[in-house]
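Q: Generate a structure from the sequence data that follows.
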Amino acid sequence: MEFRVDRQILADAVAWAARTLPARPALPVLAGMLIEVTEQGELTLAGFDYEVSARAREDADVAEPGRALVPGRLLADIVRNLPPHPVEIHMKGSEVVVRCGPAEFGLQTLPVEDYPTLPEPPARAGTLPADLFATAVAQVTPAAGRDDTLPMLTGVRIDIEGDTMWLACTDRYRIAARELTWSPADPGFTAGVVVPARTLADTAKAIKRGAEVAIDLGGVADTLIGVSGGGRSMTSRLLDDQYINYRSRLTGTWSSVAEIPVAPFVETIKRAALVTERGTPIRLAFTADEVRVRAATGDSARANESLAVRLSGDDLDIAFAPQYLLDGLAGIDTEYARLECAGPTKAALLTGIPDKKAPSDDEKDASKETTSEETDTGYRYLAMPVRLTS
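A: Coordinates of the predicted model:
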């Protein structure tokens, strides 16, 4: 094996493949990164931990095709710190030599014949733009659970019906969901799967912008999903597909509907959160023309600030964990957001308002039964309030 490749191209490819390397591998070879080059000038770097696989493909100047398995994390550290010169890699006995300008490293190889066969993705289900995919995944994954004893809650639910795709996450206290349009390979394709949220989030962030993302999903018996784009690909085992009926919870009749300028509201919440401790909520008191944001930590500190909003329906006094509010607002890319509530102890729905202008007086007088579907950006964030004690 012998090839030459640009240092930055190699660094990006190695970083992608290293994402799946386990910190405590069940088998020594799983700590390895597989390097393969072909006569056609294709370089492939891969990592695999029996749950997730990651492959990066790039062009290289290949003098001799071959394959080798080297310590993956060490290779990633070395390549990340190389000088800005082309990198030459070749086999020398049981060693892989990495040379870049004046720097040279030798890595002892691992037994490549013991490395497990990388899983092949299922059939192509469809495609969508990488930017849209990355945005949608980033909007929902903050709501995923962190408790590994409840695997379902640590995943992203993907529902597909024809050209409509839903992504959703929940940790039982909130639901973040995004509806989008994609291009299915089969117009009648349907699916419902749960993918580990951290894996999907890392993948979505790393795929090059401007590329097209392909989703590979098979039938009900398949246990894998494949995601690829821009020379990068991954496969992941699916989680149990049992999931709550989240879509039914994202609609309702609301007694209070507030329309809020997003950026000032975010800054107000951040300032109020400065005086809170872990588990202390922020209190929002909505009246016709303003929301008063209050927070306190016992008698030691307090915050009180008002912000102009428009409220239709009943006045509302409600409280939320500040980070829950900030996570929901981070998914809104419009100037104004809509917060819909049915009372201080009921879950509240946060959505974006597509027209980036202040609501008119006519809009302010809308019916109390306004629903989020009247103006829908595709993103919905449902959060449970904290019960007020006084």
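Q: helix or strand right after the worst-scoring helix or strand of the chain on mean pLDDT?
A: When the helices and strands of the chain are scored by mean pLDDT, DSSP states H and E, helix 361-364 comes last with a mean of 53. Using DSSP states H and E, the helix or strand that follows helix 361-364 in sequence is strand 379-383.
Q: any idea how far that following strand is from the chain center?
A: Mean-position distance between strand 379-383 and its chain equals 15 Å (Cα atoms, centre = their mean, to the nearest Å).
Q: Let me see the contact set for residue 214.
A: By Cβ atoms under 8 Å, 6 or more residues apart in numbering, residue 214 lies in contact with 124, 126-127, 226-229. C-betas here are computed from N, CA, C, even on glycine.
Q: Just say helix, strand or coil for it.
A: strand (DSSP: H, G, I helix; E, B strand; the rest coil).
Q: gap between it and residue 334?
A: Distance of residue 214 to residue 334, given as Cβ to Cβ, to the nearest Å: 29 Å.
Q: Looking at the closest residue to residue 228 other than its chain neighbours now. What's its pLDDT?
A: Once flanking residues are discounted, residue 228 sits nearest to residue 214: 5.0 Å by Cβ to Cβ, 6 or more residues apart in numbering. Listed pLDDT for residue 214 reads 96.
Q: same question, the one 10 residues further on
A: The pLDDT attached to residue 224 in the predicted structure is 94.
Q: Could you do the one 10 residues further on as well?
A: For residue 234, the model assigns a pLDDT of 95.
Q: ok, the residue nearest to the spatial centre of the chain to residue 160 distance?
A: Note on the chain: the residue nearest the mean C-alpha position is residue 201, at 3.0 Å, using Cα atoms, centre = their mean. Distance of residue 201 to residue 160, computed by Cβ to Cβ: 19 Å.
Q: Residue 136 now?
A: Taking Cβ to Cβ, one finds residue 136 at 13 Å from residue 160.
Q: now swap in residue 325 and tell me
A: 30 Å.
Q: These two: who's more crowded?
A: The neighbour comparison of residue 325 against residue 160 (other Cβ atoms under 10 Å) goes to residue 325, with 26 against 19.
Q: ok but that one is inside a helix, no?
A: Yes: counting by three-state DSSP, one finds residue 325 located in a helix.
Q: pretty sure it contacts residue 383?
A: Yes: using Cβ atoms under 8 Å, residue 325 is in contact with residue 383, at 7.2 Å.
Q: Any idea what residue 175 is bridged to?
A: residue 170, residue 382 (DSSP bridges).
Q: For it, grab the count of nearby residues.
A: Using other Cβ under 10 Å, residue 175 has 24 neighbouring residues.
Q: Pretty sure residue 251 is one of the things it touches, is it not?
A: No: here residue 175 does not reach residue 251: they are 11.9 Å apart, not a contact under Cβ under 8 Å.
Q: sorry, back to before: please pick the buried ones from the contacts of residue 214.
A: Buried members of those, scored by 16 or more other Cβ atoms under 10 Å, are 124, 126-127, 226-229.
Q: Tabulate those residues (CSV), appending distance to residue 345.
A: Formatted as CSV, these follow (distance: Cβ to Cβ, whole Å):
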residue, distance to residue 345
124, 46
126, 41
127, 43
226, 43
227, 40
228, 45
229, 44
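Q: Going by distance to residue 150, which of those wins?
A: Closest approach to residue 150 among the buried ones among the contacts of residue 214 (Cβ to Cβ): residue 227, at 23.7 Å.
Q: Quickly find the element holding the closest one.
A: Using DSSP H and E, residue 227 falls within strand 224-229.
Q: so what secondary structure elements neighbour that strand?
A: helix 197-206, strand 212-217, strand 232-237 (3 or more Cβ pairs under 8 Å, 6 or more residues apart in numbering; DSSP states H and E).
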